[in-house]
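below are the sequence and a predicted model for it; my questions follow.
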Amino acid sequence: MSTGANRRWRADDNETAWAQGIALFAGVSLAILGLFQFLEGLVAALKDDVFVSTPNYVVKFNLTTWGWIHMVVGAIAVAVGILIIAAKRWGYGLGIAVAGLSAIVSFAFMPYYPWWSLVVILFDVAVVWSLCTLWSQGARHR
């Protein structure tokens, strides 16, 4: 009978643990970011006067339109985050695309809510980094 004390750790075990942790971080972060974006969009669509409007900005939509954009991107991000948490490897590429889209939308929305947009962009970059790290590890082990 083998006990845990007799088991020797291999580098692959440690790498697998890190990969699983990074995947969980990416999936949970993307799902939470999506939920926040959805709620931000809901507020923008229902109550325009919460946000400050910046005149003469290049990407100018009314706040209801921005609200719907955020709700759609947020809902997609939650769904893809759940796919990543469920360990669907094909969700990694989708996650990179959705996190990139989320960062672009947040950048365009920056005049209305600058600090929050910056925080979302930073977390999107962390999600992209996490998923790219996992993707490269998967390619190395094929």
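The structure has been received and is ready for your questions.

tell me which stretches of the chain form helices.
Here the chain has its helices, by DSSP state H, at 11-46, 63-85, 90-108, 114-140.

turn the ones you listed into TSV, columns for mean pLDDT and mean neighbour count.
C-beta coordinates here come from the backbone N, C-alpha and C atoms, glycine included. Converted to TSV, the helices of the chain look like this (pLDDT from 0 to 100; neighbours: other Cβ atoms under 10 Å):
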stretch	mean pLDDT	mean neighbour count
helix 11-46	84	17
helix 63-85	92	20
helix 90-108	93	20
helix 114-140	84	16
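
tell me the contacts of the residue nearest in space to the middle of the chain?
The centre of the chain sits closest to residue 30, judged by Cα atoms, centre = their mean, with a distance of 2.9 Å. For residue 30, the contacting residues are 77-78, 80-81, 84, 95, 98-99, 127, by Cβ atoms under 8 Å, 6 or more residues apart in numbering.

with distance to residue 62 added, can I get these in a markdown table?
Putting these into a markdown table (distance: Cβ to Cβ, whole Å) gives the following:
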| residue | distance to residue 62 |
| --- | --- |
| 77 | 23 |
| 78 | 25 |
| 80 | 27 |
| 81 | 29 |
| 84 | 33 |
| 95 | 30 |
| 98 | 24 |
| 99 | 26 |
| 127 | 29 |
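
out of these, which one sits closest to residue 136?
Proximity of the contacts of residue 30 to residue 136 was ranked by Cβ to Cβ; the top entry is residue 95 with 14.2 Å.

in this structure that closest one contacts residue 27, no?
Yes. Between residue 95 and residue 27 there is a contact under Cβ atoms under 8 Å: 7.5 Å.

list the residues that contact both of these two?
Contact with both residue 95 and residue 27 is made by residues 81, 83-84, according to Cβ under 8 Å, 6+ apart.
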